[in-house]
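> Have a look; sequence and predicted model below, questions after that.
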Amino acid sequence: MSIELFNQLEQKVANAVESLEMLKMEAEELREENARLKQEHQEWERRLNGLLDKFRELESSETSVS
């Protein structure tokens, strides 16, 4: 194997390693964002259920008054 081919192979391996490191970092960022979005979703769901409960209370108080 000539030194030129070895240098090309070495560069390709270095590029592949760099790409893998970048993908790992991106995956970690996406995991963190996903966790944040799940938490946000749970908070919205909790608040929405609270509002729905209030509407149900209003409905039941209206029907009991009628």
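Great, that's in hand. The shown structure was predicted, so the numbers you read here are calculated from the model rather than taken from an experiment.

> OK, contacts around residue 57?
For residue 57, the contact set (Cβ atoms under 8 Å, 6 or more residues apart in numbering) is empty. C-beta coordinates here come from the backbone N, C-alpha and C atoms, glycine included.

> what helix or strand is it on?
When elements are assigned from DSSP states H and E, residue 57 belongs to helix 3-65.

> Now do that helix, average pLDDT.
For helix 3-65, mean pLDDT rounds to 95.

> Counting neighbours, what do you get for residue 34?
Neighbour count for residue 34, taken as other Cβ atoms under 10 Å: 10.

> Name all residues that make contact with the residue nearest in space to the middle of the chain.
In the chain, the residue lying closest to the centroid (Cα atoms, centre = their mean) is residue 34, at 1.4 Å. Neighbouring residues of residue 34 by Cβ under 8 Å, 6+ apart: there are none.

> Distance-wise, check it relative to residue 28.
Using Cβ to Cβ, to the nearest Å, residue 34 is found at 11 Å from residue 28.
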